[in-house]
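Colleague: Build me a model:
(one chain, ligands or ions: 1)
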Amino acid sequence: MKHPVFAANWKMNHAPADAEAFLRVFLAYYPKTQDRTVIFFPPALTLGAVHNALKDRTDIKVGVQNVHWEDHGAFTGENSAAIARGAGAKYALVGHSERRHVFGETDEQAGKKVAAAIRAGLTPVVCVGETLAQREAGETIAVVARQLRAGLAHADAAHVATCIVAYEPVWAIGTGKTATPSNASQVHLAIRHELRTLAADRSEAVPILYGGSVNKGNAEALLAAPEVGGLLVGGASLDAEGWSGIVRT
Ligand code: PGA
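Modeller: Model (predicted):
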């Protein structure tokens, strides 16, 4: 039996008041359940409001969309993993494709950010994915494996076993183009193989999420595919009623 993870990446959307209004609707649609994990990744400025609005809904978790690799210091504008933890975060996205492609983050930085998240007691969600050009050049598996190894470069096997991996093909993010369940599965199998080389049997516990234009219409088929352990959803997570439908897939 799968215990799927449903992660909402709100990106740069929803102020604290919007998030509170969202949760009033969402929580009414989504009663407490133990058979799946729901995680919200609000903007850092909204994180505390989401954490507070969830109150006794300890079945629902909050995460931060990005962290700096240092714990504290003179890094104006950056988010510390330790501070995010203090504000209620339990998870951290690391190496999201927008961080890599819009802000120029490198594989090496992703590795240091994963280490910072682990030090702060956050579960890293390590994002990997190829561009369209890389897919067309037949480089998908090589790119994803390289990003994964670099992202987990400073994590020992015990820590690898507590991470989450998200496969998000860059060409599928926010484009309306989704990987077919079998395409996603193929890459997830390769990720699982790579995880075994890093953490042997313990790696079986690592959920591998799919992300990229997931919606109510394709969620069920993607989730049913082998090695798809959950979904990381951007656009379709912004509407409370729509998102409540996806998390009940
Ligand atoms: P999307 O975004 O669902 O809007 O494609 C996914 C993501 O970037 O995590």
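
Colleague: Every contact and neighbour count from this point should use C-alpha atoms.
Modeller: OK.

Colleague: For the most far-flung residue of the chain relative to its centre, give me its contacts.
Modeller: Residue farthest from the centre of the chain, counting by C-alpha atoms, centre = their mean, is residue 74 at 27.2 Å. With contacts defined as C-alpha atoms under 8 Å, 6 or more residues apart in numbering, residue 74 has no neighbours.

Colleague: tell me the secondary structure for it?
Modeller: Of the three states, residue 74 takes coil under DSSP: H, G, I helix; E, B strand; the rest coil.

Colleague: Not counting the helix ranked longest in the chain itself, show me its contacts.
Modeller: Ranked by number of residues, the top helix in the chain under DSSP state H is helix 181-199. Helix 181-199 is contacted by residues 140-141, 144-145, 148-149, 156-158, 160-161, 167, 202-204, 208, 210, 221-222, 224-228 when judged by C-alpha under 8 Å, 6+ apart.

Colleague: and the ligand, which of these contact it?
Modeller: By C-alpha under 6 Å from any ligand atom, no member of the contacts of helix 181-199 lies near the ligand.

Colleague: Which among those residues count as buried?
Modeller: Using 16 or more other C-alpha atoms under 10 Å as the burial test, the contacts of helix 181-199 include 140-141, 144-145, 148-149, 157, 160-161, 167, 202-203, 208, 210, 222, 225, 227-228 as buried.

Colleague: Tell me which entries of these lie within helices.
Modeller: Residues from the buried ones among the contacts of helix 181-199 lying in helices, with DSSP H as the criterion: 140, 141, 144, 145, 148, 149, 157, 160, 222.

Colleague: and the last one, what does it touch?
Modeller: Right, residue 222. Contacts for residue 222 (C-alpha under 8 Å, 6+ apart) come out as 180, 181, 184, 210, 228.

Colleague: What I need now is those residues written out in CSV, including pLDDT for each item.
Modeller: Below are these laid out as CSV (pLDDT from 0 to 100):
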residue, pLDDT
180, 95
181, 96
184, 97
210, 97
228, 97
